[in-house]
Every structure is written in structure tokens, then in C-alpha cells.
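What shape does this take:
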Amino acid sequence: MTSNKSKGLSIGTHIGVIGAGAMGAGIAQVAAAAGHQVFLYDVSQQVAERGRDRIEKVLLRRVERGKLKAIDAAAMIQRISVAPKKSDMASVGLVIEAIVEDLNIKREVFAQLEAITRPDCILATNTSSISITAIASTLRRPERVVGMHFFNPAPVMQLVEIVKGLATDLKVVGCLMQTARDWGKISVEVASNPGFIVNRVARPYYAEALRFVEEQRTDPVTLDAIMTQGGGFRMGPMALMDLIGNDVNFSVTTSIYHATFQDPRYRPSLFQQELVAAGWFGRKTDRGFYDYRSAAVVPVPKKQQTSQDAPLSGYQIGSFSEVQGVFFMPSDGRSAASVSQDLGKPVLVHDLYPSGTECKCIAFSTSRGVSELLCVGFANSAARAGMWAFRLGDGPGLPLGRTLAMIANEAYDLLLHGTTKAAEIDLAMIKAMNYPLGPIAWAKKIGLERLLCILDAIFTETGDPRYRASLGLRHAALCSQETDGMVKDD
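Residues are numbered from 1 along each chain as shown. Okay, the predicted model is just below:
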């Protein structure tokens, strides 16, 4: 059993959880597994009891699978008690709120908790996007309010974001950072901002996918294949939104959009709004970007065909060269049509090719004047490198390069404002989102100047301020150039 102390602060042995839904019950299970006596409260005692029953069923299934001893499961269940009244939280050292994402309701609950709990009790919220500062602002002691953001399902997901409001005592932050570690979690510290780390940095992964489909440059299943097989992401953005729930994903995006004063970088998708209006939330409703009904036809990515009759000799993917009067080159963010106009010749541009890693596919687009035979030849070159090729409609940027540039932009914007540290961002995105690399490490591997070039080109061609580069990324790219120059001079 853990009883974390951090510079005089102690959460003790008793923990309170407000809200017995999926998240609240999951958090209660985590705390009970760490040896705490947990009081689980909901507005309805029946809901709280159902939450406890849900935990018991989960633990018993783990026993049946041989992943947990029956005696340990019984002990954990015994440590979770349903609290009929909020006043039952009077003796606890930590209360974690996991209720509806509504600022006014949370403020009301925290005001009640402040009046009930002891003066040194830490009041934590599991909010995923609401300002910790705003939640605490109406309390007499806002310094003891902190964000403790778990990810669903809480017993499985490793990451916990510890979020500091303007008034939060640093000792409280340190105490919960250690508490999360004592509970077997990986904790990262971040200052309160819209979306914190994970929901903020992850927005472009969804937003750019939605834009590509809205622009009719490709379809959901092909886009997902490019991001998983080409970028190494665990799940494609469309499939992931269907898993999360389009209603939930759209709501979070909308919340961050309004919290940032309608910053175009977080503009919600009209396409996704239509899915939500139709009730096509994803897996939980059997319809979303994909059709999950039993009789539905499973879609397949649209690969560019290959042929032994159309060899393409002399082109190395990732290089710039001319083949049969057509320029072949990696995308720099401009559309193939724009590059063709500048060079005065037809152009084929392809997506990022992360040489040295397992890349199973590559996207490309063409300007006018590129024959189907040359497209087949490019697919042949890709096949020789062990990749499928996907031909997309022309436009500024290609999926992997454009998305990674936007993700890096978000990460460097957080650094610019001192919200968190680079190591925290990389750790958070790997552990919460299963990214193959952290955004900062990935950006440096690709090249900051290259990603900046992609963003600037897309911004110039579209005029859309969502693609404006953060000063954080621009400055980091400049510093990287200066460092490179110094190394070369040596």
C-alpha cells in the first residue's frame, strides 16, 4: 500500500473518487490496486454501486485468465466502498473528480469538496481539457487544486498528466507526480493550457486526415494505411476516431478551438460534424468513417498498380531526378501543379520516406503531363524498396509529411510558451498515443528546416492560417542551422 509523502504532503491511505462512470471506476481500481481504501461516490448510489460491480467483474475476468490471484482480487474489491454522501470524503487525503466535462458543474462540486474535506486534502480533477485555473478560481484555497488526467481505460493506460493551474502549489504537483509513479503509472508535468500535452499535440493527427478526405484527395482506408504502414502509427486517424467516438473527438476539438479563441489550427471539421449529426459515432454505433455492421463490405486501400512492362530505372526514392522529361522529387509542401509551374516540366512528388526504418508504403501525387505509365513505374520503384505506392489527388502537402510537420508545430509551440519540457512531450505522446517516436525527436530526425519548409509552402499556397509556423519551431530550425554551420566550420 502506498502513502506518498512529498516535502511534507501526504495523501495518506484513504482516497475519494467522485464519479463512478468508466473513468471514475477505472481510477478507483488503480488506487485500490495500490493498496488504498477507496470511497466511490456518484450522484446516484445505484450508479456508484454499478461502478463498483463493474470493477469486480473486470477483476474476476483477470482471475479467470490467470492474470490476477483470486485472493488479491478479493482484497482489492474489499478496499472499494460506495460512499452514500459526499461528506464521507471528510477524512481522505486525496479526492479525484471524474464527472461530466462542464466547468460550472465542476466548480460546484469542488466548492462542496472544499467545505467537506480537511485543509490539507488534495483536490484533483481528471478533466481532459478544462482549465485547472478556472476550476480552482472560485475556491478559498485554489493552491490545493490540480489536474490528474488519466487516459481510458485507466487501469491499462500508463500515462497520467499532472496539470498545474496558476495557483497550484508546487508541492501538490510533486506529491501527485510521485503518487502516480507509486501507482505504477508514468507521470508528466504540464502547465494548464487547452488540451494539456496529449490532446493538444494530437489534434493535427485527426485534423489533417479529415482535411485530406474533405478535399477528396483520398479515402479513409487509404489514408489510414499511409499513416500506419508508412508512418508507423499504431492506428490510423480515421479508425482511431471511430474507436474514441466521433462525438467525443469532435467535442474535444471544439472545446480546444473555443478555449484558444478560435485559433484556426484547431478548427473543427464540417465532415466530422455531419457524422456526429447523423449519429455515426464509430464503433459504438456500428457506423462512423467505416461501416462496422456484420454485412458491410470491408474497404481496402487503393494501391497504384505495378507492372513489369513499365520499369523505372535511375530513380532512387527520396532523391531529385528527371525521368523521361518528368521531375521526380520528395514533397516540399507545394502541390505538384505549383512545382510544375515553377520548373516548367511535369512533376511527380512523393511523401516523406523515412529511410532506415520499416516503411511499407508511400504516397505520391502528380501534375498534368505525367503519364499513367510513369506512375506505374514509380510504383515499381517503390515495390523494389519493399513499399506499396498510393496515388493521391494533387494538393499542397502529402499525408505523412504534412501531419508530422503540424504535430511538430504543436510540440514546439508548447515549448515556446514554457508549458512543459521536450522530454515530457515525447514521453507523453509515446505512452498515451503509441507514437513510434516522440514529436520532438521525430522532428529532429526528419530535419526542423524541412518541416518548417513544408508548413511555409502549405501556408503560402492555401493562405490558411492554420498552417502558420510557430515561432518555437521557426526559432528551433534557425538554431539547428546555426549549430550545423558551426559543426561544418570545425
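
Would you confirm that Phe196 contacts Phe151?
No. In this structure, Phe196 is not within contact of Phe151 by C-beta atoms under 8 Å, at 11.1 Å. Bear in mind the C-beta positions are built from the backbone N, C-alpha and C, glycine included.

So for the two, which sits in the more crowded spot?
When Phe196 is set against Phe151 and neighbours are counted by other C-beta atoms under 10 Å, the residue ahead is Phe196, at 26 against 22.

can you pull the contacts of that one?
For Phe196, the contacting residues are Ser128, Ser129, Gly147, His149, Glu161, Val163, Val190, taking C-beta atoms under 8 Å, 6 or more residues apart in numbering as the criterion.

hmm, try it at 10 Å
When the contact criterion is C-beta atoms under 10 Å, 6 or more residues apart in numbering, the partners of Phe196 are 127-129, 132, 147, 149, 161-163, 188, 190, 256, 414, 419-420, 428.

Considering the residues you listed, which member attains the minimum pLDDT?
Lowest-confidence member of the contacts of Phe196: Ser129, scoring 84 (pLDDT).

and the gap between that one and Asn199?
For Ser129, the distance to Asn199 equals 6 Å [C-beta to C-beta, to the nearest Å].

Report how many residues lie close to the nearest residue to Gln45 once chain neighbours are set aside.
Residue nearest to Gln45 in three dimensions, not counting chain neighbours: Pro84, with 5.5 Å by C-beta to C-beta, 6 or more residues apart in numbering. Here the number of neighbours of Pro84 (other C-beta under 10 Å) works out to 11.

list residues touching both of Ser129 and Asn199?
Overlap of the contact sets of Ser129 and Asn199 (by C-beta under 10 Å, 6+ apart) consists of His149, Val252, Thr253, Ser255, Ile256.

Just give me the closest of the residues you listed to Arg107.
The shortest separation between Arg107 and any of these is 16.2 Å, and it belongs to Ser255 (by C-beta to C-beta).

Please name the nearest non-neighbouring residue to that closest one.
Counting by C-beta to C-beta, 6+ apart, Ser255 lies nearest to Ser129, which is 4.9 Å off, once chain neighbours are set aside.

my guess is Ala389 meets Thr366, correct?
No. Here Ala389 lies out of contact with Thr366, judged by C-beta atoms under 10 Å, at a distance of 11.5 Å.

Find the residue at the geometric middle of the protein.
Nearest residue to the geometric centre of the chain (C-alpha atoms, centre = their mean): Ala202, 3.3 Å.

Could you check how far the closest residue to that residue other than its chain neighbours is from Leu176?
Taking C-beta to C-beta, 6+ apart as the measure, Ala202 lies nearest to Met433, with 5.8 Å between them; neighbours along the chain are not counted. From Met433 over to Leu176 the distance is 22 Å, taken as C-beta to C-beta.

Look at these two and report which has more neighbours.
For Met433 versus Leu176, the count of surrounding residues by other C-beta under 10 Å is larger for Leu176: 28 against 20.

Assign that one to helix, strand or coil.
Of the three states, Leu176 takes helix according to DSSP: H, G, I helix; E, B strand; the rest coil.

Just the pLDDT at Ser480, thanks.
Confidence per residue is given as pLDDT, and for Ser480 that number is 81.

so what's the residue of the chain positioned farthest from its centre up against?
Within the chain, the residue lying farthest from the chain centre (C-alpha atoms, centre = their mean) is Asp309, at 43.4 Å. Taking C-beta under 10 Å, 6+ apart, we find Asp309 in contact with Leu373, Val376, Gly377, Asn380.

list the helices and strands the helix or strand where the second one lies packs on?
This means Val376. In this assignment (DSSP states H and E), Val376 forms part of helix 372-384. Packing contacts for helix 372-384, counted by 3 or more C-beta pairs under 10 Å, 6 or more residues apart in numbering; DSSP states H and E, involve strand 321-323, strand 326-330, strand 347-350, strand 361-366, strand 388-391.

which one of the ones you listed lies closest to Ala98?
Each of those was checked against Ala98 via C-beta to C-beta, and the shortest separation belongs to strand 361-366, namely 39.6 Å.

Name the helix or strand of the chain that has the lowest mean pLDDT.
For the chain, using mean pLDDT, DSSP states H and E, the weakest element among its helices and strands is strand 5-6, scoring a mean of 58.

how distant is the following helix or strand past that one from the center of its chain?
Tracing the chain C-terminally past strand 5-6 and defining elements by DSSP H and E, one meets strand 9-10 next. The chain centroid and the centroid of strand 9-10 are separated by 32 Å under C-alpha atoms, centre = their mean, to the nearest Å.

Give the pairing partners of strand 9-10; include direction for each.
The strands beside strand 9-10 in its sheet (DSSP bridges) come out as strand 5-6 (antiparallel).

ok, of the contacts of Asp309, which one's closest to Phe327?
Proximity of the contacts of Asp309 to Phe327, judged by C-beta to C-beta, is greatest for Gly377, which lies at 13.9 Å.

Averaged pLDDT, the helix holding Val376. What do you get?
For helix 372-384, the mean pLDDT works out to 91.

Would you mark the buried spots in that helix?
Leu374, Cys375, Val376, Gly377, Phe378, Ala379, Asn380, Ser381, Ala382 (16 or more other C-beta atoms under 10 Å).
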